[in-house]
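Q: I'd like to go over a predicted model; first the sequence, then the structure.
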Amino acid sequence: EAGVVQSPRYKIIEKKQPVAFWCNPISGHNTLYWYRQNLGQGPELLIRYENEEAVDDSQLPKDRFSAERLKGVDSTLKIQPAELGDSAVYLCASSLGTSGLYNEQFFGPGTRLTVL
Amino acid sequence: AQSVTQLGSHVSVSEGALVLLRCNYSSSVPPYLFWYVQYPNQGLQLLLKYTTGATLVKGINGFEAEFKKSETSFHLTKPSAHMSDAAEYFCAVSSRGGGNKLTFGTGTQLKVEL
């Protein structure tokens, strides 16, 4: 069974440029998460989707970040324009659901973003 | 609000020695507790989780953790370290009914020496 797929794995851009990250969750997983992991820190949730609905985007900086999961499967996270402080690893995770039996989150390898 | 504190950002042990990684949490409701491992340039992999029932939880690769409500702790242990255990370990908490939002600690880098 394929795990969570993310692309690209690495991205280097100049500040003020746009950037997009793509995530394909594990087949059948209804819940999808985007996390940001700064250097030396644990991941922090940016947004959570239940199918195609964003049910928790309280930590997403909406002035420059946007996300979509149009068909309830794969998802795209966009930053426009990027700032130096956006340099981080962006992790995508998925789970069958959110209740106790189904809440294990499976993580992709992440996209390492460097903003110059 | 919930939070996680991992004591010791770096832990070094000898191969074959006991591994003990400390985690304390704060949560207003009974939490779910998790330990994840992250190898360089990889995503996080679940080692074990506590949801309910037995407070001693066994995970993969010989790791286990014990939920101690009175101490609000969920320390991770392994009786005998192996070189392949060198990685970064994250403790995380989520609240029941909280939409499965994970709050992570800052991580502990485990080094295993010969």
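A: Structure received.
Q: contacts only, for the residue of chain A found nearest chain B.
A: Closest residue of chain A to chain B, Cβ to the nearest Cβ: A:G42 (2.8 Å). Any C-beta I mention is one placed from the backbone N, CA and C, and that applies to glycine too. With contact taken as Cβ atoms under 8 Å, 6 or more residues apart in numbering or on different chains, A:G42 is in contact with B:4, B:90, B:92, B:104-107.
Q: what does A:P25 give?
A: A:4, A:32, A:73-75, A:92-94, A:106 are the contacts of A:P25 under Cβ under 8 Å, 6+ apart.
Q: show me where pLDDT drops low in the chain?
A: Defaulting to chain A. For chain A, applying pLDDT under 70 flags the ranges A:1, A:100-101.
Q: hm, I was asking about chain B
A: B:98.
Q: near chain A, which residues of chain B? Just list them.
A: Residues of chain B lying near chain A by Cβ under 8 Å from any Cβ of the partner chain: B:4, B:9, B:32, B:36, B:41-46, B:49, B:51-52, B:90, B:92, B:94, B:96, B:99-102, B:104-107.
Q: if we use 7 Å, what do you get?
A: By the rule Cβ under 7 Å from any Cβ of the partner chain, the part of chain B lying against chain A is B:32, B:42-44, B:46, B:49, B:51-52, B:90, B:99-102, B:104-107.
Q: excluding its backbone neighbours, what's nearest the residue nearest in space to the middle of chain A?
A: Most central in chain A under Cα atoms, centre = their mean is A:W34, positioned 2.8 Å from the mean C-alpha point. Nearest non-adjacent residue to A:W34, counting by Cβ to Cβ, 6 or more residues apart in numbering or on different chains: A:L46, 4.5 Å away.
Q: so where does that neighbour fall, helix or strand?
A: Using DSSP states H and E, A:L46 falls within strand A:44-50.
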